[in-house]
Structure formats: C-alpha cells, structure tokens
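Peer 1: After the sequence you'll find the predicted model.
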Amino acid sequence: MKEVRFVTYGCKANQYDTQVLREALARRGWSETDKDAELVVVNTCTVTAEAGRKARQLIRRLGRENPDVRIAVTGCLAESEPEVLRELPAVDWVLGNGEAKRPTNFLRHLGEEVDPEEVGIPAGITEFAGHTRAFLKIQDGCDMACAFCIIPKVRGKSRSRPLAELVAEVQRLVEAGHVEVVLCGIHIGHWGRDLGLELADLVRALAEAEPRDAEGAPLDFRLRLSSIEATEVTPSLLALMREHPRRIAQHLHMPLQSGDDGVLKAMNRWYDTETYLRACEEIRAALDRPAFTADVIVGFPGEDDAAFERTLETVRAAGFARMHVFPFSARPSTPAYELKGAPKPEVVRERRAALSEAAALIGADFRRSLDGAEETVVLEGTVGLSGRYQRVVVPMGEDLFPGDLVNVTLKAEASDDGEVSLRGERAATEVNV
C-alpha cells in the first residue's frame with residue numbers, strides 16, 4: 001500500500017483543498033501517515049513572507065531526512081514562486097491553484113490512472129478528517145486589491161461554486177457525523193455575484209437542507225460563516241440569522257485591519273471606521289448578543305502613535321469577543337512592500353501587546369454579557385464551542401458525547417484575577433430539528 005503525508009499551511013480554504021486531495025488519493029488506495037512516506041503533499045501559504053519561508057524550510061528538511069521522498073507542492077506559494085520551489089531537493093511536482101489541483105488532474109500528475117467513474121464523483125468532500133466541525137469551501141479568489149495582500153494574484157478572480165453542489169455537500173458532511181459546517185473561502189461575501197445570486201440565497205438553501213441518518217431520521221446541525229466583510233453583512237443575511245438562531249451561528253468574523261481611517265486608506269480598504277462601527281450597531285440591533293471577532297494589523301507603514309490610539313478606541317467601540325492581532329509583514333509583490341514609514345520593531349511589539357491586552361479585557365466583558373443567554377454548544381469533551389464562538393464548560397452526563405449539539409443556558413463565572421469563563425447548564429427545551 002502506498003503511503004502519503006499531508007502538511008497544510010494557511011487558511012481554512014487551504015485545509016479544505018487538502019481534504020479534496022486526501023480523498024482523491026484515498027480512493028486510489030493510498031493510506032495516510034504522519035511519519036516517513038514515499039509522497040509528501042505540502043499545501044502552502046504565501047500571505048506573508050514568513051509563511052513562505054516556513055514552507056521552503058520544511059521542504060528542504062524533508063529532502064535531507066529522506067533522499068527518496070517525492071514531494072508535491074501545491075497552494076499559493078506554488079503559484080507565486082514555482083521556479084524557486086522546483087529547484088528544491090526532492091520536489092517532483094509544483095501544482096498551483098488552477099486546473100492542476102483538481103482531483104483528476106492531481107492524480108494524473110502523480111502518474112495515477114484515472115478511471116471514468118473517478119470523473120463522475122461529486123465535487124467537494126465527503127468528510128473532514130479528524131474534526132467535529134467541517135469546512136465547506138464555497139468560493140475561491142478575490143476581486144479586491146488590499147495593499148498588503150498578494151492573494152488575488154495567486155488565487156485569481158472570485159469564482160462561486162454552484163448552489164446545488166454545496167447543498168449536496170452539506171448533506172454528505174452532516175450525514176458523515178459533522179454537526180457544524182463552516183462556510184469558508186477567500187472572500188465569501190462575494191459568493192453568487194457571478195451566478196446572479198447573493199450569499200443569503202446560499203445560506204437559506206443550506207439552512208433548509210435535510211440530512212438524515214441511516215434510519216431516515218433528520219439530523220441536527222449548525223452553520224457558521226467564516227470571515228466576512230462588515231460591509232457585506234446584508235439585511236437579508238441578518239434576517240436569516242435572526243430567523244434561525246440555532247441553525248446559523250450568531251457569530252461574525254469581520255476583518256477590521258486598522259481602526260484608523262488614514263491607515264485604512266493606505267491599506268486600500270474600502271470603508272472607514274464610521275462605516276465599520278455602524279455595521280456593528282446594525283447587526284447588534286438585529287440579533288441577540290452576536291459575537292464579533294476580527295483581524296487587526298499593527299505596525300502598518302504610516303501608523304503613528306495617534307493612529308494606534310484611534311485603533312484602540314475603535315476596537316473598544318466594536319466590542320469584539322476575540323481579536324487576532326498580527327504585526328505587519330511586508331510581502332514582496334504587493335503595493336505595501338514599497339511603502340515607507342513603518343514603525344520600529346520594538347514599537348510594533350509594544351503596540352501588539354497593548355492591543356492584545358485590550359482584546360482580553362473586551363472579550364471578558366463580552367462573556368460577562370452572555371450570562372443567562374440560551375445557546376447551543378458543540379461538545380468536544382467537557383468543553384464545547386458555542387454558536388457565539390466561545391468555549392463553554394458543559395457537565396457531561398451519560399447521554400452526552402463528543403460531537404453532540406446541546407442546548408444550554410450560559411453562566412458567566414469570574415475568577416479572582418478577572419478572567420471570565422462560561423459554563424453551560426443543560427436547557428430544558430428539546431432539540432428542534
């Protein structure tokens with residue numbers, strides 16, 4: 001039996017792409033291992049220079065440790081610097097993000113014969129190996145042009161997957177045992193624009209899907225939107241979230257990137273802080289205590305002390321449940337790479353620490369506000385993930401198992417050091433599928 005090892009860097013879309021390739025090889029009789037394998041598939045990321053460096057470093061190490069290994073490199077780094085990767089030891093294939101990464105073409109590149117029935121296999125995946133939650137890639141590519149981002153160059157224009165194909169895939173994933181499906185992509189708010197549809201049309205169809213178990217009983221599940229721009233949370237999408245609070249997680253990850261209008265303009269973002277915060281207010285008015293999470297970059301060229309203070313003010317006003325704080329990384333081949341005026345590294349470290357500290361306090365306030373809220377939790381042992389993207393301790397009983405979707409009432413508990421955690425008490429209401 002042939003053995004393969006997969007290594008994946010980067011975003012949810014990349015993790016999904018790896019699963020597509022994993023299933024293609026599994027159908028051809030390959031088994032997966034975490035140890036020495038005759039084939040290693042490295043799915044790369046190029047969103048930062050550091051991500052590319054780590055992938056190249058791994059590939060070199062794999063070649064040194066096992067001169068007989070054969071390496072297939074795919075993903076965004078394979079698109080942005082294929083010539084560099086082809087020169088690395090043990091690299092036999094460099095497959096970018098285009099046709100070469102389609103399952104049948106991937107198999108042909110590896111020298112596998114592709115039977116006619118392989119061509120007729122439904123697009124997408126049948127499970128998300130090793131995870132309670134499954135990712136569903138609904139589109140690829142991006143039509144925007146943020147100054148710091150190389151992804152549109154390596155992923156191309158936004159392309160939507162067909163609605164019926166995605167509904168069928170959700171049903172397969174839930175029937176395979178995944179109780180939460182996360183809608184992901186490169187710019188999911190643009191799903192449907194090339195189909196004459198909008199994202200709310202897809203979410204409605206997925207929320208109305210009817211997966212069933214082997215006996216024909218309906219299966220409960222939850223949908224979650226991954227990263228979506230605040231300006232793309234439409235009234236129709238909010239109406240669906242309000243109508244289906246159990247089926248659609250009351251959580252939106254909305255990248256902020258900066259809380260200063262001057263920096264946002266330099267980033268070539270298409271909104272200002274007033275627009276972003278107004279979107280937050282409109283969403284809060286429509287939903288019951290929704291959770292907002294966000295990405296924020298510190299140290300972008302031109303960010304002075306006053307700009308950073310305005311970012312602190314903006315994140316406090318937004319009231320994020322959680323923030324991902326990143327130091328700016330100058331990526332070659334992007335407009336931001338040429339910009340001057342980046343803060344000194346020690347200043348960036350201080351600002352990152354200050355923003356992370358503020359995020360911890362704001363997150364604690366949000367968890368405190370959830371006391372008494374009704375919620376659903378996907379169990380992952382004694383700690384589960386709530387619809388509002390919070391870790392919740394749920395006392396286990398004889399009728400509870402990892403992977404269950406449980407109704408709870410949240411209790412906020414503060415420790416002496418100011419930390420706020422959430423505990424879930426089993427709700428009396430029955431599950432309505």
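Peer 2: Cool, the structure landed.
Peer 1: I'd like the next helix or strand past the longest strand anywhere in the chain.
Peer 2: For the chain, the longest strand by residue count, based on DSSP state E, is strand 405-414. Once the chain leaves strand 405-414, the next helix or strand it forms, by DSSP states H and E, is strand 420-426.
Peer 1: Please save the CA atoms from that following strand in PDB.
Peer 2: Presented in PDB, the C-alpha positions along strand 420-426 are these (Å, rounded to 0.1, in the frame of the first residue of the first chain):
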ATOM      1  CA  VAL A 420     -14.300  35.300  32.900                       C
ATOM      2  CA  SER A 421     -15.300  31.800  31.800                       C
ATOM      3  CA  LEU A 422     -18.600  30.300  30.600                       C
ATOM      4  CA  ARG A 423     -20.400  27.300  32.000                       C
ATOM      5  CA  GLY A 424     -23.400  25.700  30.200                       C
ATOM      6  CA  GLU A 425     -26.300  24.300  32.200                       C
ATOM      7  CA  ARG A 426     -28.500  21.900  30.200                       C
END
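Peer 1: got the angle between that strand and strand 405-414?
Peer 2: 140 degrees (axes from the mean of the first three to the mean of the last three C-alpha atoms, to 10 degrees).
Peer 1: which residues of the stretch 301-433 of the chain fall in strands?
Peer 2: 322-327, 374-379, 383-386, 391-393, 405-414, 420-426 (DSSP state E, counting those that start in this stretch).
Peer 1: Might you list the low-confidence residue ranges for the stretch 1-150 of the chain?
Peer 2: Along the stretch 1-150 of the chain, segments meeting pLDDT under 70 span 99-100.
Peer 1: now do 90
Peer 2: The model of the stretch 1-150 of the chain has pLDDT under 90 over residues 1, 28, 34-36, 47-50, 67, 89, 96-105, 108-123, 129-132.
Peer 1: Please apply the same query to the stretch 251-400 of the chain.
Peer 2: 331-332, 380-383, 395-400.
Peer 1: host element of residue 186?
Peer 2: Here residue 186 is assigned to no helix or strand, by DSSP H and E.
Peer 1: Next up, the contacts around residue 82.
Peer 2: By C-beta atoms under 8 Å, 6 or more residues apart in numbering, the contact set of residue 82 is 94, 96. All C-beta spots, glycine's among them, are computed from the backbone N, C-alpha and C.
Peer 1: Please determine how far it is located from residue 93.
Peer 2: Distance, residue 82 to residue 93, by C-beta to C-beta, to the nearest Å: 10 Å.
Peer 1: still on that earlier bit, could I get the strands of the stretch 301-433 of the chain as TSV with distance to residue 227 and mean neighbour count?
Peer 2: Converted to TSV, the strands of the stretch 301-433 of the chain look like this (distance: least, C-beta to C-beta, whole Å; neighbours: other C-beta atoms under 10 Å):
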stretch	distance to residue 227	mean neighbour count
strand 322-327	10	18
strand 374-379	19	22
strand 383-386	17	21
strand 391-393	20	18
strand 405-414	23	18
strand 420-426	23	18
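Peer 1: Now do the end-to-end distance for stretch 390-399.
Peer 2: Taking C-alpha to C-alpha, to the nearest Å, stretch 390-399 runs 23 Å from one end to the other.
Peer 1: Please work out which residues outside that stretch touch it.
Peer 2: Residues contacting stretch 390-399 (C-beta under 8 Å, 6+ apart): 291, 321, 367, 370, 375, 377, 379, 382-386, 400, 406, 408, 410, 421-426.
Peer 1: Centre of the chain to the longest helix seen in the chain, how far?
Peer 2: The longest helix of the chain (DSSP state H) is helix 345-369. Relative to the centre of its chain, helix 345-369 is centred 22 Å away, using C-alpha atoms, centre = their mean, to the nearest Å.
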